[in-house]
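In: could you work out the structure for the sequence below:
(one chain, ligands or ions: 3)
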Amino acid sequence: MNTNPDFPYRLYLVTDEKACLGRDFFQVVEAAVKGGVDLVQIREKELSEAAFLEKTLRLRELLDQYEVPLVVNDNLGVAQQSSAAGIHVGNNDTSPQQIRNAWAGCGILGYSLEDETQLQLPHAQLADYIALSPVFATPTKTNTIIEWGLEGVSRIRSLIAKPLVAIGRVNADNAAGLVQAGADCLAVVSAILSAPDPAKAAEDIRNQIEKAL
Ligand SMILES: Cc1ncc(COP(=O)(O)OP(=O)(O)O)c(N)n1
Ligand SMILES: Cc1nc(C(=O)O)sc1CCOP(=O)(O)O
Ligand SMILES: [Mg+2]
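Out: Ligands and ions are numbered 1, 2, ... in the order given. Here you go, the predicted model:
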């Protein structure tokens with residue numbers, strides 16, 4: 001288990017307005033934070049650049065009240081203009097090298113690992129955390145390549161000391177196993193945003209994480 005003081009986060013909410021099932025986006029995210037989410041990524045793939053920036057600024061204002069950092073998915077311009085805490089990128093996005101060169105204020109740089117050989121890339125070496133993409137296949141994001149599974153989490157844990165984030169069909173039933181396998185932080189979309197009670201769903205996952213630490 002990683003105790004990196006620069007990445008103390010355990011429960012990472014990744015947004016998707018569709019997953020809120022028609023409920024108010026900001027109220028659902030706020031409930032999740034009250035339930036134990038300690039890091040949020042805004043990931044809204046269907047918005048225009050202007051709408052994404054506006055939503056990011058509004059979400060930042062909300063999260064600032066709880067001292068919960070906001071990470072922006074993919075979009076370096078929006079991340080910089082909103083003074084977000086950081087950015088998450090995958091293998092088809094702006095590279096971590098470009099981000100480090102262009103944005104001195106980037107506090108949290110996340111990178112999606114889809115293949116063990118990518119650990120050797122500068123992408124992985126420049127990242128503040130590595131996301132295992134995905135630990136379990138999920139209908140929320142289908143353009144993925146592999147499934148790491150618990151065995152993949154353990155293998156990557158044995159190879160690197162960097163914080164490891166598990167994403168993909170994470171829920172209260174598999175949370176403890178993922179932490180025991182070596183994940184430092186669990187990233188969740190639907191098990192929280194689509195839950196009847198998002199605060200309780202976050203609290204249940206958080207409790208499983210804390211028990212397994
Ligand atoms: C925490 C976290 N992990 C993985 C991803 C996926 O990023 P990426 O591979 O760039 O895919 P998109 O999210 O851009 O569709 C993520 N966003 N967050
Ligand atoms: C945003 C994202 N990235 C993934 C990856 O594998 O890189 S899986 C994913 C969505 C995770 O949604 P849910 O918690 O509903 O399964
Ligand atoms: Mg991306």
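
In: where along the chain do the strands fall?
Out: 11-14, 39-42, 70-73, 86-89, 108-113, 129-132, 164-167, 185-188 (DSSP state E).

In: same list (these) but as CSV, adding distance to ligand 1.
Out: C-beta: built from backbone N, CA, C; applies to glycine. What follows is the strands of the chain, written out as CSV (distance: least, C-beta to the nearest ligand atom, whole Å):
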stretch, distance to ligand 1
strand 11-14, 5
strand 39-42, 6
strand 70-73, 5
strand 86-89, 4
strand 108-113, 4
strand 129-132, 3
strand 164-167, 4
strand 185-188, 4
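
In: how about the ones you listed in JSON lines, adding mean pLDDT, mean neighbour count and distance to ligand 2?
Out: JSON lines is the format used below for the strands of the chain (pLDDT from 0 to 100; neighbours: other C-beta atoms under 10 Å; distance: least, C-beta to the nearest ligand atom, whole Å):
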{"stretch": "strand 11-14", "mean pLDDT": "99", "mean neighbour count": "26", "distance to ligand 2": "5"}
{"stretch": "strand 39-42", "mean pLDDT": "99", "mean neighbour count": "27", "distance to ligand 2": "8"}
{"stretch": "strand 70-73", "mean pLDDT": "98", "mean neighbour count": "24", "distance to ligand 2": "8"}
{"stretch": "strand 86-89", "mean pLDDT": "98", "mean neighbour count": "24", "distance to ligand 2": "9"}
{"stretch": "strand 108-113", "mean pLDDT": "98", "mean neighbour count": "24", "distance to ligand 2": "5"}
{"stretch": "strand 129-132", "mean pLDDT": "98", "mean neighbour count": "25", "distance to ligand 2": "6"}
{"stretch": "strand 164-167", "mean pLDDT": "98", "mean neighbour count": "28", "distance to ligand 2": "5"}
{"stretch": "strand 185-188", "mean pLDDT": "98", "mean neighbour count": "25", "distance to ligand 2": "5"}
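
In: need those in CSV (columns: distance to Phe26).
Out: Output for the strands of the chain, formatted as CSV (distance: least, C-beta to C-beta, whole Å):
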stretch, distance to Phe26
strand 11-14, 12
strand 39-42, 11
strand 70-73, 13
strand 86-89, 20
strand 108-113, 22
strand 129-132, 25
strand 164-167, 22
strand 185-188, 18
